[in-house]
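> turn this into a structure:
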Amino acid sequence: MIIAKWFKSRNVGALLGLVGVLTVAGCVSTTESSRATEEVQTQSPRRPLVIAHRGASGYLPEHTLEAYIRGMEMGADFVEPDLVMTKDGVLVARHENEISDTTNVASVFPDRKTTKVIEDAKVTGWFVEDFTLAEVKKLKAKQRLAFRPQMDQQAFLVPTLAEIIDAVDQYNTKHGKKIGIIPEIKHSTYFRSVGLNIEKELLRVLAEKTWSQKLDQVYIQSFEVGNLRELAATTKYSLVQLLGDPKESPYDLKSKKITYRDMVTNEGLREIRKYAMALGPYKKYLVVENNAKDDSLVANDVLKNARLLDFRIFPYTFRNESFFILKPLTDPMKEYEFFYKLGVDGVFSDFPDTAVKALKAVESVLN
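Alright, predicted model coming up:
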């Protein structure tokens, strides 16, 4: 009942959770708690956002214009491009800078295979930073996951960030929408080590496309910390701190031995809040998996503690395949329903149509 009320009226739900949170979060001062309560009371209820994760990547090869457009057609509020950079400094959308899993680069440029150390890991393959944009445009994008439709016969290309923004602008103009973008900066420290600055080019492209005037339609995300702190000091864009494996560290904080688990303690959350207004946690961060044979999960206190600091919460990644769904759930609709009722602000989904369908179903029940 409390969870349902939270979804229907976020301010009420947040206040209902404050007593339990204060017990857990003993290191939060009375002044901070009082201020957080005031902020939560003034927040208006927000419909959770559906974010097309790498586009509608459950149906089409990820990070292609076709996948982004399909995601928008399916009702997504935002599309998510992962950004890497070519040798000549152009931002393109790929999940990693090693591109053999997502393109046919091995057959087009067989002699360009090499081995590099990326964030302390030795990786062998073909790297986007070794190719000019003209060379990247000779490649075909392909489906990365073997259990999804391959469509190798179709000529999916690797898009630039500018092309993605143009596609979103055209869709918005045609349909009267305000769909946004939530770019993820990949391997910031590594790219800077080879003389390529993703952040600088991202801001330039956003300004060139006049998206610096559309702050409500842009979030910028990263698994690293230093680049987000830098952006917070120089821009007004909303920033998302992504949270990786709890045992691992953001690459740029590895020497300080700060793990992602440390970052979701009350002290860690307060530190993140100095530069970011949203969290992008793996969905397991918000629950205790229940091994019982019923269809329930148990929420932990991470979301409630983050709410005290007025974070927005965008967990990842929601997929329809049963082996990706948190146990004991096996149905994607039930998984979405649980997280929507929990009070998240949005979801990263490979199947935005399913995310939209589940949201409508939950809204119809609660309203």
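> mind listing the strands for the stretch 51-200 of the chain?
Counting by DSSP state E, counting those that start in this stretch, the stretch 51-200 of the chain has these strands, from start to end: 78-80, 82-85, 91-93, 114-118, 121-125, 180-181, 184-185.
> looking at the ones you listed, which is closest to F156?
The closest of the strands of the stretch 51-200 of the chain to F156 is strand 91-93. By Cβ to Cβ, the value is 11.5 Å. In this view, the C-beta of every residue, glycine as well, is placed from N, C-alpha and C.
> okay, buried residues for the closest one please.
91-93 (16 or more other Cβ atoms under 10 Å).
> likewise stretch 309-323?
309, 311-320.
> now stretch 228-248
228-229, 231-232, 235, 237-244.
> what do you get for stretch 138-145?
139-144.
> and for stretch 83-100?
83-87, 89-100.
> same check on stretch 297-306?
297, 299, 301-306.
> make a markdown table out of those residues and add distance to T259 and pLDDT.
Below are the buried residues of stretch 297-306 laid out as a markdown table (distance: Cβ to Cβ, whole Å; pLDDT from 0 to 100):
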| residue | distance to T259 | pLDDT |
| --- | --- | --- |
| L297 | 24 | 76 |
| A299 | 22 | 85 |
| D301 | 18 | 90 |
| V302 | 14 | 92 |
| L303 | 19 | 91 |
| K304 | 21 | 91 |
| N305 | 17 | 94 |
| A306 | 17 | 95 |
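> on that earlier part again, filter the buried residues of stretch 309-323 down to the ones in strands?
312-313 (DSSP state E).
> in a markdown table, list the buried residues of stretch 309-323 along with pLDDT.
Formatted as a markdown table, the buried residues of stretch 309-323 follow (pLDDT from 0 to 100):
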| residue | pLDDT |
| --- | --- |
| L309 | 97 |
| F311 | 97 |
| R312 | 97 |
| I313 | 97 |
| F314 | 98 |
| P315 | 98 |
| Y316 | 98 |
| T317 | 96 |
| F318 | 98 |
| R319 | 96 |
| N320 | 95 |
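> now, which of the buried residues of stretch 309-323 sits nearest R46?
R312 (8.2 Å).
> show me what that closest one is bridged to.
Beta bridges link R312 to A278 when assigned by DSSP bridges.
> ok, now which ones touch it?
Going by Cβ atoms under 8 Å, 6 or more residues apart in numbering, R312 touches 277-279, 345-346.
> pretty sure T132 is touching V92, no?
No - shown here, T132 and V92 do not form a contact pair, counting by Cβ atoms under 8 Å, at 10.9 Å.
> joint contacts of those two?
In contact with both T132 and V92: T86, using Cβ under 8 Å, 6+ apart.
> now the element after the helix or strand where P281 lies, going C-ward?
Secondary structure assignment for P281, by DSSP states H and E: strand 278-281. Going down the chain from strand 278-281, the next helix or strand is strand 287-288, by DSSP H and E.
> ok, that next one: who's next to it in the sheet?
For strand 287-288, pairing defined by DSSP bridges yields strand 298-299 (antiparallel).
> nearest to V287 among the contacts of R312?
Distances from V287 to the contacts of R312, taken by Cβ to Cβ, are shortest for L279, at 14.6 Å.
> please name the residues that touch the closest one.
With the criterion set at Cβ under 8 Å, 6+ apart, L279 makes contact with 240-243, 272, 306, 311-314.
> highest average neighbour count across the strands of the stretch 51-200 of the chain?
strand 78-80 (a mean of 28; mean count of other Cβ atoms under 10 Å).
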